[in-house]
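[1] A structural model of the following input is requested.
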Amino acid sequence: MAEEAQVAEAAGHEGLRRNLGFRDLVVYGLLFIAPMAPVGVFGTLDAKSHGAVALVYLVATVAMAFTAFSYAQMVRVAPRAGSVFTYARTALGEGPGFVAGWMAMLDYLLIPAVAYLFAGIAMEALVPGVDRWVWTGVAVVVTTLLNLWGVRAAARVGFAVLAMEIAVLMVFVVSAIVVLVRDGARRDWWSPLTGDAGFSAAAVLGAVSVAVLSYLGFDAIASFAEEVTGGSAKVARAVLFCLALAGVLFVAQTWLVALLEPVSSAQLAADPAKQGSAFYDAVDSAVGDWLHDLVAVSKAIGAAFAALAGQAAGGRLLFAMGRDRRLPHVLARTDSGVPRVALLVSATVTMIAAVWAARRDDGLDHLVSVVDIGALTAFVLLHASVVGWFAIRRMAGPPRWLPHLVAPAIGAAILVAVIVEAAPSAQVVGVIWLGVGLVVLAVQGTRRATP
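    Below is the predicted model of the structure:
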């Protein structure tokens, strides 16, 4: 109750409604990540890692666990909407907090656009008579209406979609096991851990820098801290559970599909054009076209609802920054506990980006190249927040070196390495977006200093 009172006092208005449980939080996290996220990048990771694709996801899960652990610590410190914006602002000050929120905003506004575009592309393949930009727009409208209806209602529909995605994944797992028992594996049984042409630690680590991007979205759970019943501890558990479950699903499905893969990792590396469809090609050759079509339909629907979760998290970030007057205060307005203004702004920006990309042949490449840089930068500030709050300011008493210094330092180092490995276009966009944010921050500081 004290936690709720603090939030209500800080909000200064009706605030958000607490009606989410542990299951709802996990649903939002897994929807955003997508249980079959490796489908699109399996071929790339298989080629990069020399066939050790399951090991790549195992290492990536451990790597992202440092970020999840920092989220779990900071959500207890500042159990409010806005996640990393709120944490950095609380632990590091107004300036770093704004930068963290500003960089996260780039991620939360563009990742849903990519997901909507994936849904439009998949639907166009199933119904070629309708352009993909139309399907993309329809997906935005439908999921926005669900979000405007309320977080609880959206979570219920999302649970049904997530159950469908996991059911399809289980169909794939069972079908793959049947084929492997009947016909045997096309690669060595342990090759998903050791590689199919000799083990290379450098190759595995290079692929990990790509694989960690599959996990972006579990952090959205923290955005609902003001809408969960039972306190911040439940949010912390959901963040860690969601990451662990996603890691198990990713390792299992990539291990199985690697054993079904009809070509070697070296052949995939030599023919980049085949990498994007490698998962589907393996399923087609080993199981049949019917499973290919089932997975495609699941990906189409799942992508739209991944965007729903991302749009909801983006709306909460805008709400929090508006409430603290770092963005226009109108974004903090709520209606029956739903931040509808912030959601509509988030949906509008996402709609423009998604439909623009859907109408261009190279639109997907443009969006994908920039969506991750904002989140990764914000995550670095998240780790800095843990160090700032616990180790430097010592707000919780004497710091514990492992959770308050060593773990966040390792987590930040991993993220910096991924940023360094990002596409040059993404780095340029990230620097430009950061520059704009610093200008906005300077203008806000000048206005506040003016009597």
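[2] which is the next helix or strand following the helix or strand of the chain with the lowest mean pLDDT?
    When each helix and strand of the chain is scored by mean pLDDT, DSSP states H and E, helix 2-11 comes last, with a mean of 42. Where DSSP states H and E defines the elements, the next helix or strand beyond helix 2-11 is helix 22-33.
[3] Sort out which residues of that next one are buried, please.
    By neighbour count on 16 or more other CB atoms under 10 Å, the buried set for helix 22-33 is D24, L25, V26, V27, Y28, G29, L30, L31, F32, I33. The C-beta positions use only the backbone N, C-alpha and C, and glycine is treated the same way.
[4] Distance of the third one relative to L20?
    Which is V26. For V26, the distance to L20 (CB to CB, to the nearest Å) stands at 10 Å.
[5] and the buried residues of helix 22-33 as TSV, adding distance to A52?
    Listed next are those as TSV, based on distance: CB to CB, whole Å:
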residue	distance to A52
D24	36
L25	32
V26	29
V27	31
Y28	31
G29	27
L30	25
L31	29
F32	27
I33	22
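[6] Let's have those residues in TSV, adding pLDDT and distance to A353.
    Formatted as TSV, the buried residues of helix 22-33 follow (pLDDT from 0 to 100; distance: CB to CB, whole Å):
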residue	pLDDT	distance to A353
D24	87	27
L25	88	27
V26	88	28
V27	87	25
Y28	85	21
G29	86	23
L30	89	24
L31	86	20
F32	84	17
I33	85	20
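[7] Just give me the closest of the residues you listed to V181.
    For those, the minimum distance to V181 (CB to CB) is 28.7 Å, reached by L30.
[8] Go ahead and confirm the closest one touches L245.
    Yes. At 6.9 Å, L30 counts as touching L245 under the criterion of CB atoms under 8 Å.
[9] where in the chain is pLDDT low?
    Applying pLDDT under 70 to the chain flags residues 1-15, 362, 364-366, 368-369, 447-451.
[10] so what does the longest helix along it touch, helix or strand wise?
    Longest helix in the chain, counting residues (DSSP state H): helix 289-323. Counting contacts by 3 or more CB pairs under 8 Å, 6 or more residues apart in numbering; DSSP states H and E, helix 289-323 packs against helix 22-33, helix 84-92, helix 94-126, helix 132-149, helix 151-183, helix 278-286, helix 340-358.
[11] Looking at these, which is nearest to G217?
    helix 22-33 (3.1 Å).
[12] Go ahead and name everything in contact with that closest one.
    111, 151-152, 155, 158-159, 161-162, 214-218, 220-221, 224, 228, 230, 234-235, 237-239, 241-242, 245-246, 302, 305-306, 308-310, 312-313 (CB atoms under 8 Å, 6 or more residues apart in numbering).
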